[in-house]
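Peer 1: Fold the following and give me the result.
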Amino acid sequence: MRLTRRACWVLGGLWLLLIALLSLAPLPAVGPELPQGDKLKHALAYVALSHWFVQLLSPWRCVLGLFAYGLLIEILQAQTTSRQAEVLDLVANLAGIALGLALMRWRRLWWMPPAAQR
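Peer 2: Numbers count the residues shown, from 1 in each chain. Sure, this is the predicted structure:
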């Protein structure tokens, strides 16, 4: 079954909403984490987001849109008492975006039949 373009936008929007809610909710008290483990989570989330949205937008619009989204989340986090904004989070987001776009490019080059690459 193939999703329609509209369904892809709706799912992407829901995904962005879920990430925003999780990013702004108070952090639960959990056990020890990896040092800078949250940066890895940022990067992985943005790998997936960029991989999804580059199928709907041009690569530059995808980069700019997701960067703006990440910046907005950081600005909103600075307004909360339970979260803090970090520049390194934005760096991790950009690294994830770049990796997601690179993976999509690699997928298109190596997994698609030659006729579909035109």
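
Peer 1: Grab the nearest non-local neighbour of the residue nearest the centre of the chain.
Peer 2: Geometric centre of the chain, nearest residue: residue 46, 2.3 Å, by CA atoms, centre = their mean. Of all residues not flanking residue 46 in the chain, residue 96 sits nearest, at 3.0 Å (CB to CB, 6 or more residues apart in numbering). All C-beta atoms are positioned from the backbone trio N, CA, C, and that covers glycine.

Peer 1: From the chain's centroid, how far away is the one helix or strand in the chain whose mean pLDDT sits lowest?
Peer 2: When the helices and strands of the chain are compared on mean pLDDT, DSSP states H and E, helix 87-111 comes out lowest with a mean of 86. Relative to the chain's own centre, helix 87-111 is displaced by 9 Å; criterion: CA atoms, centre = their mean, to the nearest Å.

Peer 1: Repeat that for stretch 72-90.
Peer 2: Its chain's C-alpha centre and that of stretch 72-90 lie 16 Å apart, by CA atoms, centre = their mean.

Peer 1: Could I get the buried residue list for that stretch?
Peer 2: 73-74, 77, 83, 89-90 (16 or more other CB atoms under 10 Å).

Peer 1: swap in stretch 16-33?
Peer 2: By neighbour count on 16+ other CB under 10 Å, the buried set for stretch 16-33 is 16, 19, 23.

Peer 1: Tell me which residues are up against that stretch.
Peer 2: Stretch 16-33 is contacted from outside by 45, 49, 69, 73, 76-77, 80, 82-83, using CB atoms under 8 Å, 6 or more residues apart in numbering.

Peer 1: My guess is the residue nearest to residue 46 contacts residue 42. True?
Peer 2: Yes - using CB atoms under 8 Å, residue 96 is in contact with residue 42, at 6.4 Å.

Peer 1: what ranges do the helices span in this structure?
Peer 2: 5-24, 37-53, 59-78, 87-111 (DSSP state H).

Peer 1: Return the most buried member of those.
Peer 2: helix 37-53 (a mean of 19; mean count of other CB atoms under 10 Å).
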